[in-house]
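K.L.:
compute the structure for the input listed below.
(one chain, ligands or ions: 1)
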Amino acid sequence: MLVRELEKIYQTLYSHYDDLKWWPAASIFEVIVGAILTQNTAWTNVEKAMERFEGNLSPSRILNLPIDELQEIIRPAGFYRQKSQYLKAVTEWFMGYDGDIDLIKNYSLQDIRAELLKVRGVGNETADSILLYAFDLPSFVVDAYTMRLFRRYPIDAGKTYLEVKTFCEEALPRDAKVYNHFHALIVHNGKEHCKKKMACSGCPLEEFCQKLP
Ligand code: SF4
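P.N.:
Numbering: from 1, shown residues only. Sure thing, here's the model as predicted:
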């Protein structure tokens, strides 16, 4: 039953918004950088920080930039002192594979995920964002928008990040495209309608959702 409800949410959002073409980035490495920069901030701030690389964003640049210069570039994304360290750490990890996506994908999703989680500054959501949107691997991303939607609808998928992730992965086809679209749709609808203060009028889920507080 819950599984069917989840599918209904996906189909309804997809019919309404279509393919949102996530993740908006020019390269795999840019997705990785974006996944770090977007922690605890709005995407508009990430875009401002990205622009300050002036088209020159590469692993070697991140590794070679003095830390204070990197901090200055990414300042609009907030928490720039921590994020500069995280960027260096995740870039070192990526370049441990020569930045070669095929080399990384020789390993199982679970092994790559476990390695990513050991990188400074990479938690569950960041690891899954990198796996899904940079490496195109079927790892469902859970975030505050997902939790809020499931609470209000409601979908009793669990309380913790891993419970909700596992529920969604077992309920949906194991397909990176589906996970990609679904997370993008949830975030988009969360920004349009399912905000902190819900704006249900016109929400594509209004007909089915219980709108719990
Ligand atoms: S109907 Fe309201 S509570 Fe339900 S998903 Fe839409 S905005 Fe959120």
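
K.L.:
could you use CA atoms for every contact and neighbour count after this?
P.N.:
Noted.

K.L.:
which element is the residue nearest the centre of the chain on?
P.N.:
Closest to where the C-alpha atoms of the chain average out (C-alpha atoms, centre = their mean) is Ser129, at 3.6 Å. For Ser129, the host element (DSSP states H and E) is helix 124-129.

K.L.:
what is that helix packed up against?
P.N.:
Here helix 124-129 touches helix 28-37, helix 109-118, going by 3 or more C-alpha pairs under 8 Å, 6 or more residues apart in numbering; DSSP states H and E.

K.L.:
can you name the element that comes right after that helix?
P.N.:
In N-to-C order, the element after helix 124-129 by DSSP H and E is helix 144-152.

K.L.:
list the buried ones in that next one?
P.N.:
Tyr145, Thr146, Met147, Arg148, Leu149, Phe150, Arg151, Arg152 (16 or more other C-alpha atoms under 10 Å).

K.L.:
which residues touch the fifth one?
P.N.:
Shown here is Leu149, whose contacts under the criterion C-alpha atoms under 8 Å, 6 or more residues apart in numbering are Ile186, Gly190, Cys194.

K.L.:
what angle do the host helix or strand of the first one and helix 144-152 make?
P.N.:
What it means is Ile186. Here Ile186 sits within helix 176-192, counting by DSSP H and E. Taking axes from the mean of the first three to the mean of the last three C-alpha atoms, to 10 degrees, one finds that helix 176-192 is oriented at 80 degrees with respect to helix 144-152.

K.L.:
using CSV, write out the CA atom coordinates for helix 176-192.
P.N.:
The C-alpha coordinates for helix 176-192 follow below in CSV (Å, rounded to 0.1, in the frame of the first residue of the first chain):
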residue,chain,number,x,y,z
ALA,A,176,19.3,5.8,-11.1
LYS,A,177,17.0,7.7,-13.5
VAL,A,178,14.0,7.2,-11.2
TYR,A,179,15.9,8.2,-8.1
ASN,A,180,17.4,11.2,-9.9
HIS,A,181,14.0,12.4,-11.1
PHE,A,182,12.2,11.6,-7.8
HIS,A,183,14.6,13.5,-5.6
ALA,A,184,14.6,16.5,-8.0
LEU,A,185,10.8,16.5,-8.1
ILE,A,186,10.5,16.4,-4.3
VAL,A,187,12.9,19.3,-3.8
HIS,A,188,11.3,21.3,-6.6
ASN,A,189,7.8,20.7,-5.1
GLY,A,190,9.2,21.5,-1.7
LYS,A,191,10.4,24.9,-2.9
GLU,A,192,7.2,25.6,-4.8
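
K.L.:
please consider this matter closed, and thank you.
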